[in-house]
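Novice: Next input, structure requested:
(one chain, ligands or ions: 1)
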Amino acid sequence: MRYSSVFRYLLYVVLATYCTSCSEPLPPTDLTKSALIPHPVRVTATQESFVLTPSTAPIHLLASAKDWVGTAGYLAETLLTHTGISLSVENGPRSPGYGGVYFDQRPLDSLDLGEEGYVLQIAPQRIIIQAEQEAGAFRAVQTLRQLLPVVPTDTVLTDWIIPTGTIIDYPKYAYRGAMLDVSRHFFDVAQVKHYLDLLALYKINHLHLHLADDQGWRMEIKSWPRLTTHGGSTAVGGGEGGFYTQADYQEIVQYAASRFITIVPEIDMPGHTNAALSSYAVLNCDGVAPDLYTGTKVGFSTLCTRKDTVYAFVDDVVREISALTPGPYFHLGGDESHVTPLADYVPFIERAQAIINKYGKQMMGWEEVTNAQLSAGSVVQYWREAENMQRGLRQGAQVLLSPAQYAYLDMQYDSTTELGLHWAAYVEVDSAYLWTPEALVPGRSESQILGIESPLWTETITNLDELEYLAFPRVIGHAELGWSPTEGRNWDDYRRRLGAQGPLLRQLGVNFYASSLVEWGE
Ligand code: TNX
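Specialist: Predicted coordinates:
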């Protein structure tokens, strides 16, 4: 134990003794000084404390919130893991003046908090989580979780002090996403769930899965079984690959939903398709199936866009995946189709888009899809060329911002980083944070920005430790850019709050990059 943690521990012991041995109020704590990320919209402090103890009353669902058992259970589970305190969940009427944590579903029209907004009121006697929808209550639980002190694991703490006051909070953008490439290297269901849990802590609400690329097809398609039995059998560097059965995929979708995260499936087309082309000769113009590919080049493969069979294939793939996907989007890739002539690329995107729309989904595509005529509701994902995005904006489309030089989690932090690439930039923790989404679309209404997303391409990583190293802490900064108001944002304040996440990340076992730009808390 370092000196500062010993000191903090002693402070807690003193505070706890002080609190339990007499009825004097605790010394003041200041909610506005809490190191929350994303920074909430409004925080007011009342300079007192709520103390969570083993004798705190059960978590209570008021009648209005009786259906929020999932989120209440999640809170109970989180408190148990973090503090060792086990609280049950109850509902039904309760006498006034009773302590503990309450959930209250209520219209908050006057505050206009939207689907994910919430009000978190912390008083010395009770904590009330109010939201219009359960998603908002779930985001509030993450705020509460970040307010818990982090103590060394060998410390037994019985009194967990939380500063009092009110937080009114809601997101800036509707879509705050992360993307995981499971094609270049496969990440299994348990690994994806682990990533989802970490993303949830920072209020990220979409996980885009890049399910197919040249090196591997990772999603079972019942009508085209060789896509996975053959196309999923390897990975970059020649590893064994892997794939999700449809049941696996549903498990991921459901787990994500319990964290109010929407899964966005991507099947990259017409380029980035070697795994599919190798599985079915018929998808190739020359009718010859190429070998599986385990290198890292891009832009060499294409579906034969003039064959009807290819559209039957696209229809089957989109139909099967859409049927298992409750979210509104189907991502069809569309990037780097360097060997598809533009005259073939454009009609392909338009036909595939029509198929996606037929199965009730909105198309998402990388910025190159703006070469085609987009239908209403299609979303353009910007990654590199502003001009490609501008074409989409002129068509009236919404954009999802993933500028590679700030948002790509596979970029190296600096020239000494062993994992990752650097074709777009070296992206230190400050550059990942210091950009303003709305400045990327000058002259456009902000309503054309759907949100931001942090892609993690996996050519250079094979396991969770490596995934965590590249994603954390940069994705935390992106989460704040997507959630918190731009006004008042500054690096020094963020740096302080990020440093204070260190103990929590360490306690969660996250292998984050401890950038020397940040003073990490003990
Ligand atoms: C570009 S970004 C790609 C990916 C690579 C990535 C590596 C995009 C739409 N395409 O295929 O994995 O660079 O950084």
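Novice: Can you tell me the element Leu180 falls in?
Specialist: Using DSSP states H and E, Leu180 maps to strand 175-181.
Novice: Can I get that strand in CSV, CA atoms only?
Specialist: Output of strand 175-181 as CSV, limited to C-alpha atoms (Å, rounded to 0.1, in the frame of the first residue of the first chain):
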residue,chain,number,x,y,z
TYR,A,175,-25.1,7.8,-30.6
ARG,A,176,-21.9,7.2,-28.6
GLY,A,177,-20.2,4.2,-30.0
ALA,A,178,-17.3,1.9,-30.0
MET,A,179,-16.4,-0.5,-32.9
LEU,A,180,-14.6,-3.8,-32.5
ASP,A,181,-13.1,-5.6,-35.5
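Novice: who does it touch, helix- and strand-wise?
Specialist: Contact here means 3 or more CB pairs under 8 Å, 6 or more residues apart in numbering; DSSP states H and E; on that basis strand 175-181 packs against helix 189-201, strand 206-213, strand 449-456, helix 474-483. Where you see a C-beta, it was placed from the backbone N, CA and C, and this is true even at glycine.
Novice: Pairing partners for it, with directions?
Specialist: If you go by DSSP bridges, strand 175-181 pairs up with strand 206-213 (parallel), strand 449-456 (parallel).
Novice: Grab the nearest non-local neighbour of Arg351.
Specialist: Tyr311 (5.9 Å; CB to CB, 6 or more residues apart in numbering).
Novice: Report the mean confidence score over stretch 194-213.
Specialist: Averaging pLDDT along stretch 194-213 yields 98.
Novice: Just give me the residue right at the centre of this protein.
Specialist: Taking CA atoms, centre = their mean, the centroid of the chain lies closest to Ile204, which sits 3.8 Å from it.
Novice: That residue: what's it in contact with?
Specialist: With contact set as CB atoms under 8 Å, 6 or more residues apart in numbering, Ile204 has these partners: Arg176, Gly177, Ala178, Ile261, Val475, Ala479, Gly482.
Novice: Leu198 too?
Specialist: The contact partners of Leu198, by CB under 8 Å, 6+ apart, come to Glu468, Ala471, Phe472, Leu508, Val510.
Novice: burial of Gly502, as a residue count?
Specialist: 20 (other CB atoms under 10 Å).
Novice: Can you give me the distance of the nearest residue to Cys285 once chain neighbours are set aside to Asp493?
Specialist: Nearest residue to Cys285 in three dimensions, chain neighbours excluded: Cys304, at 3.9 Å (CB to CB, 6+ apart). Going from Cys304 to Asp493 by CB to CB, to the nearest Å gives 54 Å.
Novice: the more surrounded of those two?
Specialist: The neighbour count for Cys304 versus Asp493, taken as other CB under 10 Å, is higher for Cys304 (18 against 12).
Novice: closest point of the stretch 351-500 of the chain to the ligand, which residue?
Specialist: Nearest to the ligand, among the residues of the stretch 351-500 of the chain, is Trp457, at 3.4 Å (CB to the nearest ligand atom).
Novice: mind listing what that residue touches?
Specialist: Trp457 sits next to Asp181, Arg184, His210, Tyr408, Asp410, Leu421 when contact means CB under 8 Å, 6+ apart.
Novice: now the residues you listed in CSV, with neighbour count and distance to Leu196?
Specialist: As requested, the contacts of Trp457 are arranged in CSV below (neighbours: other CB atoms under 10 Å; distance: CB to CB, whole Å):
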residue, neighbour count, distance to Leu196
Asp181, 26, 16
Arg184, 23, 20
His210, 24, 15
Tyr408, 26, 20
Asp410, 24, 19
Leu421, 15, 25
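Novice: Which pair of those residues spans the longest distance?
Specialist: His210 and Leu421 (15.3 Å; CB to CB).
Novice: that older thread, for my notes, please list the contacts of Ile204 in a markdown table and give distance to the ligand, pLDDT and neighbour count for each entry.
Specialist: Below are these laid out as a markdown table (distance: CB to the nearest ligand atom, whole Å; pLDDT from 0 to 100; neighbours: other CB atoms under 10 Å):
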| residue | distance to the ligand | pLDDT | neighbour count |
| --- | --- | --- | --- |
| Arg176 | 19 | 98 | 28 |
| Gly177 | 14 | 98 | 27 |
| Ala178 | 14 | 99 | 25 |
| Ile261 | 22 | 98 | 26 |
| Val475 | 15 | 98 | 24 |
| Ala479 | 20 | 98 | 25 |
| Gly482 | 19 | 98 | 27 |
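Novice: wait, which of those is closest to Gly92?
Specialist: Comparing these against Gly92 with CB to CB places Ile261 closest, at 30.2 Å.
Novice: re the thing from before, single out the most deeply packed of the strands paired with strand 175-181.
Specialist: When those are scored by mean count of other CB atoms under 10 Å, the highest mean neighbour count falls to strand 206-213 (a mean of 26).
Novice: Tell me which helix or strand comes right after that strand.
Specialist: Heading C-terminal from strand 206-213, the first helix or strand you meet, by DSSP H and E, is strand 216-217.
Novice: what's that following strand in contact with?
Specialist: With contacts defined as CB under 8 Å, 6+ apart, strand 216-217 is touched by 182-184, 186, 211, 227-228, 231-235, 241-243, 275-276, 279.
Novice: In strands, which of those appear?
Specialist: Taking DSSP state E, the ones among those that sit in strands are Leu211.
Novice: among the contacts of strand 216-217, which are within reach of the ligand?
Specialist: Among the contacts of strand 216-217, no residue is within reach of the ligand (CB under 6 Å from any ligand atom).
Novice: Could you tell me which ranges of the stretch 1-150 of the chain sit under the pLDDT cut-off?
Specialist: Applying pLDDT under 70 to the stretch 1-150 of the chain picks out residues 1-27, 96.
Novice: got the residue ranges for the helices in it?
Specialist: Secondary structure of the stretch 1-150 of the chain by DSSP state H, counting those that start in this stretch: the helices cover 3-21, 69-83, 134-147.
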